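S.K.: Sequence below, structure please.
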Amino acid sequence: MCGIVGYIGKRDAAPLLLEGLQRLEYRGYDSAGVAIAARSGALKTVKAKGRVRDLEARLPKRFAGATGIAHTRWATHGAPSDTNAHPHLDEAGKVAVVHNGIIDNAGDLRAKLAADGVELTSETDTEVLAHLVGRSAAATLEEAVRETLRLVEGTYGIAVLHADHPDRIVVARNGSPVVLGIGEREMFVASDVAALVSHTRQVVTLEDGEMATIKADDYRTYTTEGSRTSSSPETVEWSPESYDMAGHDTYMHKEICEQAEAVDRVLRGRIEDRFSTVHLGGLNLDAREARAVRRVKILGCGTSYHAGMIGAQLVEELARVPADAEPASEFRYRNPVVDPDTLYVAVSQSGETYDVLAAVQELKRKGARVLGVVNVVGSAIARETDGGIYVHAGPEVCVVSTKCFTNTVVAFGLLALHLGRIRDLSVADGRRVIEGLRRLPEQIAEMLRGEDEIRALAKEYAHARSMMFIGRVRGYPVAREAALKLKEVSYIHAEAYPASELKHGPLALIEPEVPTVAIVPDDELLEKNRAALEEIKAREGRILAVAHRRQEKADHTIVVPRSEPELDPILMGIPLQLFAYHTALELGRDIDKPRNLAKSVTVE
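M.R.: Residues are numbered from 1 along each chain as shown. Purely as a prediction, here's the structure:
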């Protein structure tokens, strides 16, 4: 959610910090700030509500210094304002702290500080960290930070700068990502590699409970108890060009248009024609263990949860193993029964989603086998799980997920095929599904070439006050995800229901001003879906159908190419991504950075 950037070296820090913040704008934020250890021995701080460009406009011409930290804030404690923006300082103005996460006991710590005469200037939980570090009598900055963290309950990724120690930045992680960037006689720190790849692709990712001290020509990592740890740099696979617009007006449009290539990447090198199956070496699950699985439980949040819903259907259809999906944020609070014969799958685009990570940690504590389906190599969920699948979608900058959703569903298709062929799926069916997977990139490209038609339909429906999305069985998760996309990026109220549930309540909402988007694949439920369209038309509702052929009862139909029935949901969702995009464009929305939302939700 929030973004952290830090730099120490020989260059002027401020331009590098601003560049890093701009790379992190996609995460969602409402204010920004920067602190520099000036050559005079003092800290210089500038903060601004609004965008990074607003912060840049406020920077004085003389803002020099070779060590600094910066931050983009997504409000939790206190409304967006200059005062609540990070970095926060101690009373003496010598300690600056930037922080991602939430300090759960901030209220108690604020009360104790106030009782000791400390004047707190913001409403944030983060400010207490700066005061606690500043008031510490420890001999070193590292020990002062450790003392502070021992008092803290909650999640954090922090970077601490001290005017008396301009040769170092101290960072720590617990539940919120912190990545070190290793340069040539310079070092970087960030909450996301996107802020680093323009300068280095050598990174060290901190583990929970780990701290680091970075200097211009050195770094060391250690636990919050002070024990040294050994962390070797890894090479980031994404290049700076991966984050460019590449001629598109928005990242969302770019990422929708990248899906044919992205799906080809997730398939590449994984198909085994000889046995009509796929090779997923990262699962760390041999054939005997796979056959012993009696149930599959998929956990995710938002779009990842919807991908998991489709994934569960794929597993049931192809592997004939009972499977279901559940929001990770609910799972860990209902005291679930953890079955040793159940395979748990955690889904997260960033690999850092806090609710999913916490569910993984709870499952591991109870002895469960957990796989991860993530997009980011080396992310927390990838490291915590027993194995998994990287979806290889490439960087996704827009807050709303498109290509990563599609690649995640394809990854579930691979997992379902793998489990199915180990169990009872025939060679012929395995071959059929493989051919369907191979056709996906060209079919996606074919649909994207019909963008003009979808743009025109978006203009037709953009001023609806609300929209209904319906589908049955395979179509229902598609409807769920399409409704989420529309509300996320256009701010039009949208709800999704199983088409079979219309007569059990939602029909009361049908009227000309509330159009319905209906997912109507040409499958065994075609006539059932057509009956639902009849019910809507009888009540003067307008219908936009997504189908394999024109639907007589629909006012408009988006025709999509046929795939294998199990894979149809992958293709049927893509035109509705474009529909949401062009609806938002028609309404003048901030498409890449929708209001109130963040890309990587690393707080509860």
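S.K.: neighbouring strands for the helix or strand containing residue 211, and are they parallel or not?
M.R.: Following DSSP states H and E, one finds residue 211 within strand 210-215. When pairing is defined by DSSP bridges, strand 210-215 lines up against strand 169-174 (antiparallel), strand 218-223 (antiparallel).
S.K.: Worst mean pLDDT across the helices and strands of this protein, which element?
M.R.: strand 234-235 (a mean of 87; mean pLDDT, DSSP states H and E).
S.K.: who's in contact with the strand holding residue 211?
M.R.: 6, 8, 142, 145-146, 149, 167-173, 178, 180, 187, 189, 204, 206, 219-224, 229, 231 (C-beta atoms under 8 Å, 6 or more residues apart in numbering). (C-beta placed from N, C-alpha, C; glycine too.)
S.K.: Pull out the buried members of those.
M.R.: With neighbours counted using 16 or more other C-beta atoms under 10 Å, these contain these buried positions: 6, 8, 142, 145-146, 149, 168-173, 178, 180, 187, 189, 204, 206, 219, 221-222, 224, 231.
S.K.: Would you map the helices across the stretch 201-350 of the chain?
M.R.: Along the stretch 201-350 of the chain, the stretches classed as helices by DSSP state H, counting those that start in this stretch are 251-257, 259-267, 287-292, 303-319, 328-331.
S.K.: elements contacting the host helix or strand of residue 584?
M.R.: Per DSSP H and E, residue 584 falls inside helix 568-586. Packing contacts for helix 568-586, counted by 3 or more C-beta pairs under 8 Å, 6 or more residues apart in numbering; DSSP states H and E, involve helix 251-257, helix 303-319, helix 403-422, helix 427-448, helix 451-461, helix 475-490, strand 516-520, strand 543-547.
S.K.: and residue 582, how many residues sit next to it?
M.R.: Using other C-beta atoms under 10 Å, the number of residues around residue 582 comes to 23.
S.K.: Correction: the previous question concerned residue 284.
M.R.: For residue 284, the neighbour count with other C-beta under 10 Å is 13.
S.K.: Neighbours of the spatially closest residue to it that is not a sequence neighbour, how many?
M.R.: Distances taken as C-beta to C-beta, 6 or more residues apart in numbering put residue 387 closest to residue 284, at 3.3 Å, once the chain neighbours are dropped. Number of residues near residue 387 (other C-beta under 10 Å) recorded here: 15.
S.K.: would you turn the helices and strands packed on helix 568-586 into TSV with mean pLDDT, distance to residue 47 and mean neighbour count?
M.R.: Shown next, in TSV, are the helices and strands packed on helix 568-586 (pLDDT from 0 to 100; distance: least, C-beta to C-beta, whole Å; neighbours: other C-beta atoms under 10 Å):
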stretch	mean pLDDT	distance to residue 47	mean neighbour count
helix 251-257	96	26	23
helix 303-319	97	32	25
helix 403-422	98	32	27
helix 427-448	97	42	18
helix 451-461	96	38	16
helix 475-490	97	28	25
strand 516-520	97	43	27
strand 543-547	97	46	24
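S.K.: want to throw these into a markdown table with distance to residue 121?
M.R.: Formatted as a markdown table, the helices and strands packed on helix 568-586 follow (distance: least, C-beta to C-beta, whole Å):
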| stretch | distance to residue 121 |
| --- | --- |
| helix 251-257 | 36 |
| helix 303-319 | 38 |
| helix 403-422 | 40 |
| helix 427-448 | 51 |
| helix 451-461 | 46 |
| helix 475-490 | 34 |
| strand 516-520 | 49 |
| strand 543-547 | 52 |
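S.K.: now for the ones you listed, which one comes closest to residue 276?
M.R.: helix 427-448 (3.3 Å; C-beta to C-beta).
S.K.: Contacts for the closest one, please.
M.R.: So helix 427-448 is in contact with 256-257, 259-261, 263-264, 267, 271, 273, 275-278, 318, 406, 410, 413-414, 417, 420-421, 560-561, 563-564, 566-567, 570-571, 574-575, 578, going by C-beta under 8 Å, 6+ apart.
S.K.: Same check on stretch 78-92?
M.R.: 2, 30-35, 43, 45, 47-49, 69-71, 73, 75, 77, 95-99, 118-119, 121-124, 126-127, 129-131, 133-135, 161.
S.K.: out of the residues you listed, which are buried?
M.R.: 2, 30-35, 43, 45, 47-49, 69-71, 73, 75, 77, 95-99, 118, 122-124, 126-127, 129-131, 133-135, 161.
S.K.: Show me those residues that map onto strands.
M.R.: 31-35, 43, 45, 47-49, 69-71, 73, 95-99, 161 (DSSP state E).
S.K.: My guess is the residue nearest to residue 284 contacts residue 381. True?
M.R.: No: counting by C-beta atoms under 8 Å, residue 387 does not reach residue 381; the two are 11.6 Å apart.
S.K.: so where's this protein uncertain?
M.R.: Residues of the chain meeting the criterion pLDDT under 70: 1, 27, 598-604.
S.K.: switch the cut-off to 80
M.R.: Confidence mapping of the chain against pLDDT under 80 gives the ranges 1, 26-28, 39-41, 237-243, 378, 598-604.
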